[in-house]
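**Student:** Sequence first, predicted model second:
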Amino acid sequence: MARVGLPWSIRKVSATPGAAGRVAWRFGTILAAWLSALAVWAADPELPNAKPVPDGEVLPLPYDQASFEHAGRELVRYHFGASLVRPFWYPLAGPGGRSLTRMGHPRDPHSHRHHNSVWIAHANVGGVDFWADGGGGRIVHQQVLQYEDGPDEASMLSQNVWQSSEGKAVMLERRRTTVQPLAGGAWRMLIDLELEAPPDREVTLAETPFGLVGVRLRKTIGVHDGGGRILNSDGLLNEAQVFRKPAQWVDYSGPVAQGQRGGITLMDHPQNPGHPTPFHVRDDGWMGASLTLRGPIVLAPRKPLRLRYGLWVHDGVPKVEQVAPQFDAFARLPLAPVAPRKPR
């Protein structure tokens, strides 16, 4: 075994009052440093300078994708390729491993092909439809600004431009996706957005129920197809009661596998305009937060709109009193910057 040198030296201290205490303090500090160095060496003698490996990672993948993982388990994947009408997140893994979302409507796959799992869009921005695939608008990924790994979360910051069919910039966007593991296999995804008008003109997000966040649940979770359940923060149930009602959050839960239940809670942040926002929901397995259902929002140049939404991915079919603490924790989190952060 190689010898481990002592990283200290003894200095002569004059015999004055308090000298013994200073010697004891110095020796204790030096001993602690030496024991720490010894522990590192003993743990990994081949790599004594090895740094901790973060449990939370966002891994760039081929074909313009990014995988958010915790301890090697993929929780969600972000798709942002140049051929897409808009970026989206798919799949969203439930605690049992199966995706809780799907691509497209289970019984109307063509006209609802824009229902891409979890996505950001709006039906009328400056007169351009970014919601439907044939609406003329495209949300074009421009660049990844930052990837961040960490022990408690992983995040990705990207920049998009909302373009008309002629390629004209209608609105500018920065988007941060943050994934945070929670207890029991559950996890939380934060979507931080900054929407900005072009520098030479204002832009209006017109009144519509379609936008800004959509979630298409897996077929088995839908009320009609799987016997699932919709619940909002006021305790209202399913489409008949929840449809376009304002709420802090809406949860959609149902069967995922034999003997297994799970779901997603979509949360509107208290600092978003018009909070609590109306939610557009359907018993066929979809829910969305309707930012401008109650009126338009006008963006002036150099005055960006800051938004945050959260998704709690969980097992079981929670009651209001189980979801409420999750919303409270979400509401207390500090807003993440939509600009690159200094490396940690």
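**Tutor:** Thanks, I have the structure now. Numbering: from 1, shown residues only.
**Student:** C-alpha only now, for contacts and for neighbours.
**Tutor:** Will do.
**Student:** Next one: residue 316 from residue 90, what distance?
**Tutor:** 21 Å (CA to CA, to the nearest Å).
**Student:** In terms of neighbours, single out the busier of those two.
**Tutor:** residue 90 (21 against 14; other CA atoms under 10 Å).
**Student:** sec struct for the nearest residue to that one once chain neighbours are set aside, please.
**Tutor:** Nearest residue to residue 90, sequence neighbours excluded (CA to CA, 6 or more residues apart in numbering): residue 77, at 5.3 Å. Look at residue 77: counting by DSSP: H, G, I helix; E, B strand; the rest coil, its state is strand.
**Student:** Just list the residues touching residue 77, thanks.
**Tutor:** 65-68, 89-92 (CA atoms under 8 Å, 6 or more residues apart in numbering).
**Student:** Take those residues and keep only those in strands.
**Tutor:** Using DSSP state E, 65-68, 89-92 are the members of the contacts of residue 77 that sit in strands.
**Student:** Just the terminal-to-terminal distance for stretch 203-223.
**Tutor:** End-to-end for stretch 203-223, by CA to CA: 37 Å.
**Student:** Do me a favour and average the pLDDT over that stretch.
**Tutor:** Averaged across stretch 203-223, pLDDT comes to 98.
**Student:** Same question for it: list its buried residues.
**Tutor:** 203-223 (16 or more other CA atoms under 10 Å).
**Student:** same check, this time on stretch 283-296
**Tutor:** So stretch 283-296, judged by 16+ other CA under 10 Å, has buried residues 283-293.
**Student:** Check stretch 51-61 too.
**Tutor:** The neighbour-count check on stretch 51-61 (16+ other CA under 10 Å) flags 55-59 as buried.
**Student:** same check, this time on stretch 264-278
**Tutor:** By 16+ other CA under 10 Å, the buried positions in stretch 264-278 come out as 264-270, 274, 276-278.
**Student:** can you list the residues that contact it?
**Tutor:** With CA under 8 Å, 6+ apart as the test, stretch 264-278 has contacts from 100, 244-253, 288-291, 293, 306-314, 323, 327, 330-331.
**Student:** can you check stretch 250-260 too?
**Tutor:** 96, 98, 100, 217, 220-223, 226-233, 261-267, 279, 285, 287, 315-318.
**Student:** swap in stretch 312-332?
**Tutor:** For stretch 312-332, the external contacting residues (CA under 8 Å, 6+ apart) are 92, 94-96, 185-189, 231-235, 248-249, 253-254, 260-267, 269-270, 310.
**Student:** run the last query once more with 6 Å
**Tutor:** 186-188, 253, 261-265 (CA atoms under 6 Å, 6 or more residues apart in numbering).
**Student:** mind putting those residues in TSV, distance to residue 197 included?
**Tutor:** TSV is the format used below for the contacts of stretch 312-332 (distance: CA to CA, whole Å):
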residue	distance to residue 197
186	36
187	33
188	30
253	37
261	42
262	39
263	35
264	32
265	30
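**Student:** The top strand by length along the chain packs against which elements?
**Tutor:** Assignment by DSSP E gives strand 169-181 as the longest strand of the chain. Contacting strand 169-181 under the criterion 3 or more CA pairs under 6 Å, 6 or more residues apart in numbering; DSSP states H and E are the following elements: strand 154-163, strand 187-196.
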